[in-house]
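Enquirer: Predicted model follows, preceded by the sequence.
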Amino acid sequence: MVCRMTTGRKIAVIGAGIAGVLVVGLFGLHFYLRASAARYRAELVRKGEKLKISEVLPKPVAAESNGAPALKMAAAQLPRSTPAISAAFAMRLFAPGRAAVGWQQLDLRTRNGDKTNTWQELAEDVGSERA
């Protein structure tokens with residue numbers, strides 16, 4: 001007895017073969033790319049690159065040299081109604097890697113830029129709170 005394949009079965013077998021080759025090819029590509037990435041990471045480490053977050057994080061600031069808590073406490077004691085204080089901004093970003101540092105500017109600008117104060121006005125506003 002001779003087994004004859006119908007056209008539908010031939011198409012199914014060919015389709016299954018193509019799908020199998022595709023799956024095997026994708027697995028091969030996955031492992032090839034993983035090995036390539038591992039080789040590249042090893043090369044970077046040999047050259048001295050730091051690839052872990054823990055290696056590039058800055059060291060914590062010692063408590064005796066950290067002025068942030070004192071600055072926060074002093075800022076909390078300033079009156080909130082002072083317009084020059086509310087207008088001051090720490091930094092304004094312009095583009096990636098480009099920013100204007102607030103305290104280095106000639107004047108104090110609001111966040112949206114519609115109002116400008118001077119450093120002299122700020123000094124007068126907080127003059128009574130100097131202590």
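Expert: Yes, it's here.

Enquirer: following the helix or strand of the chain with the lowest mean pLDDT, which helix or strand comes up?
Expert: Across the helices and strands of the chain, mean confidence by mean pLDDT, DSSP states H and E is lowest for helix 83-87: a mean of 55. Going down the chain from helix 83-87, the next helix or strand is strand 91-95, by DSSP states H and E.

Enquirer: Please name the nearest non-neighbouring residue to V56.
Expert: In this structure, V56 finds its nearest non-sequential neighbour in K50, 5.2 Å apart by Cβ to Cβ, 6 or more residues apart in numbering. C-beta coordinates here come from the backbone N, C-alpha and C atoms, glycine included.

Enquirer: Looks to me like that neighbour is in a strand.
Expert: No - assigned with DSSP: H, G, I helix; E, B strand; the rest coil, K50 falls outside any strand and is coil.

Enquirer: okay, it: pLDDT?
Expert: On pLDDT, K50 comes in at 92.

Enquirer: what does S128 give?
Expert: We have a pLDDT of 67 for S128.

Enquirer: Contacts only, for L93.
Expert: A99 (Cβ atoms under 8 Å, 6 or more residues apart in numbering).
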